[in-house]
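A.B. asks: build me a model from this:
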Amino acid sequence: MVILAGCTPKSNEQSSGNGEGKSRNTLVISSVREPDTIDVHKTTWVDDSNAHIYDTLLRRDLDGNIIPGLAEKYEISKDGKVWTFYLDKNAKFHSGEPVTAEAVKMSFERFLQHSAIKFLAGPVDKIEAHAQKLMVYFTEPFAPFASGLTTAYLAPMDPKSLDEYGDDFGEHPAAAGIFKFGERIRGSSITYTKNDDYNWGPSFVDNKGVPDFDKYEFRFIADDDTRVLEFKKGTTQIMTRVPPNYIKDLETIEGVKIDSMYDQGITYLGFNNKKPMFQDKRVRQAIALGIDREPLVEFALEGYAKPLFGPLPQTIPGYSEKVEEEAKQKYTKNVEKAKSLLAESGWKDSNGDGIVEKDGKPFSFEIWLSDEPVMQRIVQILQGQLKDIGIKVNISVQEAAAMAANTPKGLHDAILVGYGWSDPDVLYMLFGKGSSIRMHYESEKLQSLLTKARQTMDNEERMKIYEQAQQFLVEESPWVPLFVRENVTAYRDIDGFKQNPYTQSIIFNDITSK
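C.D. replies: Sure, this is the predicted structure:
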């Protein structure tokens, strides 16, 4: 545990039921999951709790359009290989130093050196810095680059902090965002302070300057009951990922408001395709046929989700109704067909115990998942459904940091997890050569399609290629898409609350205290 002295208030009165007693200059947000680090070059998980310390070269507005950020404008060469960015001369890092092309270059190079998802930057050839002009050269066209630049992963870091702390940057993070780092208490909270120099807010907010609250505290409370209780007491003013079984109750409380949007991604059961048991396509298809999504949505999620069969949800460009319908027809639950496919691949229940075997070994595998209660309810339903087709499922609840560290090593059998992204290039991140760190699936045909899509600058043509890639994934079934979840947030005692559905983030710029 690392505690940075002098960053927390000396006292906080116990909150009463109406929210009185909370520090008026601190906004408290409760979240289920604690990020493993605030250093976005060393994680694959970014959300509100570790993103707002950063500001990005480009942004997405509330309609999903890519607009200027720290880069006032940008140009792309006709061949798509050279991107030129002109930086905002007024923007400053938390150290007070200006955001320069050289500083951005340093961050890009660090990302390419350290990040497990460096493929986000594409096939970079070289980077040139000229005062406020940054030029990025690629060996081939890279269409998703603009989308990647709207995320914290590719945001510039404060070079002063990088120079001073090096590998310990995550303990002393600094960048150019609306928040400045205050204190982290591992296992409990992260507190940020407002950036008093901030005056380059996005065009879609009313307040482009310093945010209203002095401090922004993210508290990590995995237990649903505790998280809801703290919100009802007024100890927290924003609760993200409201448990589905509490939403209707909260809607009846005076002063509490609910905001919801569908995830820009899906929840899925992902196989470790390097494991022998999953290398036969018929086995993967059988598991997909053994799953009924309706109970997952209706019972585990209380209806706050949509069943999904295809690789992309409607919230991501490239979604195809044709692919979704094909996948639904192919994988709507069919126990007999699932058993038949297992038998074809050599898995049969020879001893009558209800579990299929092959070469004397019963078919069992372990699913890793987070400690979020709703995910545990989902996996229990999956466990029962797959038992009906003769497969024994063992459940293993993992800490987020352990999952992030061990899935790239291939130590898991399968994972119940989700992805979130704003571009169909997420399919490359999940299944591309060298980037399939969760499902360890590679295919030359799929690689060819995903690479071609990345290199295609014409958007309409690019989407056609992604449709082909999705059809391939439906047939091969290296995973089982399950549903797209409704992301529900509750808030109280504040005004100006908004979320950006295309970044799945809270817009803190306009939030004020009542």
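
A.B. asks: state the distance from K328 to K498.
C.D. replies: According to C-beta to C-beta, to the nearest Å, K328 and K498 sit 34 Å apart. Using the backbone N, CA and C atoms, a C-beta is placed for each residue, glycine as well.

A.B. asks: mind listing the strands for the stretch 101-250 of the chain?
C.D. replies: 124-130, 133-138, 179-185, 189-194, 215-220, 238-239 (DSSP state E, counting those that start in this stretch).

A.B. asks: any idea what sits nearest K232, other than its immediate chain neighbours?
C.D. replies: I253 (7.0 Å; C-beta to C-beta, 6 or more residues apart in numbering).

A.B. asks: pLDDT at that neighbour, what is it?
C.D. replies: Note for I253: predicted pLDDT of 97.

A.B. asks: Q499 now?
C.D. replies: Predicted confidence (pLDDT) for Q499: 97.

A.B. asks: again with the one 5 residues further on
C.D. replies: Taken from the predicted model, the pLDDT recorded for Q504 is 92.

A.B. asks: let's have the chain start at 36 instead
C.D. replies: Fine by me, first position is 36 from now on; the one you just mentioned is Q539.

A.B. asks: show me what contacts the closest residue to it other than its chain neighbours?
C.D. replies: Nearest in space to Q539, with sequence neighbours left out and distances taken as C-beta to C-beta, 6+ apart, is Q299 at 5.4 Å. Q299 makes contacts with 348, 350-351, 455-457, 536-537, 539, as judged by C-beta atoms under 8 Å, 6 or more residues apart in numbering.

A.B. asks: so which of the residues you listed would you say is closest to E502?
C.D. replies: I351 (12.7 Å; C-beta to C-beta).

A.B. asks: wait, a strand at that closest one?
C.D. replies: No - applying DSSP: H, G, I helix; E, B strand; the rest coil, one finds I351 to be coil, outside a strand.

A.B. asks: that one is in contact with G455, isn't it?
C.D. replies: No - contact criterion C-beta atoms under 8 Å: I351 and G455 do not qualify, at 9.4 Å.

A.B. asks: for T186, see how far away the residue nearest to Q539 is.
C.D. replies: Q299 is 12 Å from T186, by C-beta to C-beta.

A.B. asks: and stretch 439-457, what's buried?
C.D. replies: Across stretch 439-457, burial judged by 16 or more other C-beta atoms under 10 Å covers 439, 442, 447-457.

A.B. asks: tell me where the stretch 86-235 of the chain has helices.
C.D. replies: 136-149, 180-183, 194-200 (DSSP state H, counting those that start in this stretch).

A.B. asks: which of those sits most buried?
C.D. replies: Across the helices of the stretch 86-235 of the chain, the average number of neighbours (mean count of other C-beta atoms under 10 Å) peaks for helix 180-183, which reaches a mean of 20.

A.B. asks: contacts only, for A340.
C.D. replies: 302, 331-332, 518-521.

A.B. asks: how about 7 Å then?
C.D. replies: Shown in contact with A340 (C-beta atoms under 7 Å, 6 or more residues apart in numbering): 332, 518-521.

A.B. asks: in a markdown table: the residues you listed, plus distance to D528, neighbour count and secondary structure.
C.D. replies: As requested, the contacts of A340 are exported to a markdown table (distance: C-beta to C-beta, whole Å; neighbours: other C-beta atoms under 10 Å; DSSP: H, G, I helix; E, B strand; the rest coil):
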| residue | distance to D528 | neighbour count | secondary structure |
| --- | --- | --- | --- |
| V332 | 32 | 23 | helix |
| F518 | 32 | 24 | strand |
| V519 | 30 | 24 | strand |
| R520 | 26 | 23 | strand |
| E521 | 24 | 19 | strand |
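
A.B. asks: of those, closest to K393?
C.D. replies: Looking across those and measuring by C-beta to C-beta, the closest to K393 is F518, at 30.6 Å.

A.B. asks: does the closest one touch G300 like I think?
C.D. replies: No - between F518 and G300 there is no contact under C-beta atoms under 7 Å: 10.8 Å.

A.B. asks: quick one: least confident helix or strand in the protein?
C.D. replies: helix 435-441 (a mean of 86; mean pLDDT, DSSP states H and E).

A.B. asks: can you tell me how far the nearest residue to K127 once chain neighbours are set aside sits from I213?
C.D. replies: Take K127 and drop its neighbours on the chain: the residue closest to it by C-beta to C-beta, 6+ apart is D232, 5.2 Å away. Per C-beta to C-beta, D232 is found 10 Å from I213.

A.B. asks: kindly report the same for G222.
C.D. replies: Using C-beta to C-beta, G222 is found at 26 Å from I213.

A.B. asks: between D232 and I213, tell me which one has more neighbours.
C.D. replies: I213 (23 against 16; other C-beta atoms under 10 Å).

A.B. asks: I'd say that one and Y89 touch.
C.D. replies: No - between I213 and Y89 there is no contact under C-beta under 7 Å: 9.3 Å.

A.B. asks: one step back: per-residue confidence at the residue nearest to Q539?
C.D. replies: With respect to pLDDT, Q299 scores 93.

A.B. asks: in this protein, which residue is most central in space?
C.D. replies: Centroid check for the chain by C-alpha atoms, centre = their mean gives G455 as the closest residue, at 4.0 Å.

A.B. asks: look at the nearest residue to N280 once chain neighbours are set aside and give its secondary structure.
C.D. replies: In this structure, N280 finds its nearest non-sequential neighbour in E337, 5.5 Å apart by C-beta to C-beta, 6+ apart. E337 carries the three-state label coil when classified by three-state DSSP.
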